[in-house]
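Enquirer: For reference, the sequence and a predicted model appear below.
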Protein chains: 2
Amino acid sequence: MNDDGLSIGKVSEATGLSVHALRFFEREGLFLREIPRTGGGQRVYAQADVDWLALCDRLRASGMPIATIRTFAELVRRGPGNEPERLALLREHEENVRARMDELGACLDVIHTKVAVYERHVREGTAAGVWSPMPSDG
Amino acid sequence: MNDDGLSIGKVSEATGLSVHALRFFEREGLFLREIPRTGGGQRVYAQADVDWLALCDRLRASGMPIATIRTFAELVRRGPGNEPERLALLREHEENVRARMDELGACLDVIHTKVAVYERHVREGTAAGVWSPMPSDG
DNA sequence: CTAAAACCTAGACCGCGCGCTAGGTCAAGG
DNA sequence: CCTTGACCTAGCGCGCGGTCTAGGTTTTAG
């Protein structure tokens, strides 16, 4: 209704983050600016805040800790001039995510091998022996 | 030195898990059997326990909660006959891991796009404007 | 104008996966 | 034998990323 002013509820809906989480993020200093308030003290967000939250959400979903997002937000708030630092931070996270994917891939190999063993086992009707209490296995 | 009897310290070394973690796992019922003790009450592990721990470690590393590992361990302890249940549990986890990898991949796209933007930005010498306090961005 | 819905702050609480401490006991080398 | 280091139990504490409650105020729809 207001030209671009969004209530916390709207932002919650738009981002999928709970209103609790939004207030928590604010306390933690994750926003790029002070969120303005109405006379009565209620937060008024802009679309830009929602866009930033969307990015935060992807960073979080990929395992970036709140503290690191805060560091990044601080760099942005500090204004132009520190782009190389921001880039370094993002690159490092990118590396972390790739590493995590690799690790998951390796785990997947192990798990899938286990699955394959059980599949054969079940298909062939509980072959027994190797599958008793303590056969080095599970 | 004993024919196959491993102290908790040895197992810790062999698995990379802390002795605290090993005792914690035991309290949480993650082992496939009661770990036997010396007369003096010290745990005596076998190689099979270490092998099982290695699997647990991969399950943990891929995000399986302790409670789910316990469920799996309980099935194994219960003995032959429930292999289909074990298989279902493993398959579900495999699916979860794949889903997680997909999610990470999607995040990676977003992050790498951001990285690319910053790379160009930095390469071209702080292009300014779009990078001030609140340009829908970070 | 009123009632309901949405919002506010401060702060307690939660599940997870351990880590660490206190206060002892046990085992192996010299 | 005695020291030293590894081990034992019980149980509290912690960091993370929020959630939830209590008690009150603001906004909005009718």
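Expert: All right, it came through fine. Everything quoted here is computed from the prediction, not taken from an experiment.
Enquirer: From here on, just use CA atoms for contacts and neighbour counts.
Expert: Fine.
Enquirer: Distance check, A:Ala67 against A:Gly29.
Expert: A:Ala67 is 9 Å from A:Gly29, where distance means CA to CA, to the nearest Å.
Enquirer: Check A:Ala73 too.
Expert: As judged by CA to CA, A:Ala73 and A:Gly29 stand 8 Å apart.
Enquirer: One more: A:Gly5?
Expert: Counting by CA to CA - A:Gly5 and A:Gly29 are separated by 21 Å.
Enquirer: Quick one: list the elements packing against the lengthiest helix in chain A.
Expert: When chain A is parsed with DSSP state H, its longest helix is helix A:83-123. On a contact count with 3 or more CA pairs under 8 Å, 6 or more residues apart in numbering or on different chains; DSSP states H and E, helix A:83-123 meets helix A:66-77, helix B:47-61, helix B:83-123.
Enquirer: so the shortest one versus helix A:47-61, what angle?
Expert: In this case it means helix A:66-77. Counting by axes from the mean of the first three to the mean of the last three CA atoms, to 10 degrees, helix A:66-77 lies at 150 degrees to helix A:47-61.
Enquirer: List of residues touching helix A:66-77?
Expert: A:28-33, A:56, A:59-60, A:82, A:85-86, A:89, B:132-133, B:138 (CA atoms under 8 Å, 6 or more residues apart in numbering or on different chains).
Enquirer: Out of those residues, which comes closest to DNA strand D?
Expert: A:Arg60 (6.1 Å; CA to the nearest atom of the strand).
Enquirer: Distance of the closest one relative to chain B?
Expert: Remark: distance between A:Arg60 and chain B (CA to the nearest CA, to the nearest Å) = 9 Å.
Enquirer: do A:Glu124 as well
Expert: Distance of A:Glu124 to chain B, given as CA to the nearest CA: 11 Å.
Enquirer: How about the contacts made by that residue?
Expert: If you count contacts by CA under 8 Å, 6+ apart, A:Glu124 has none.
Enquirer: That'll do, ta.
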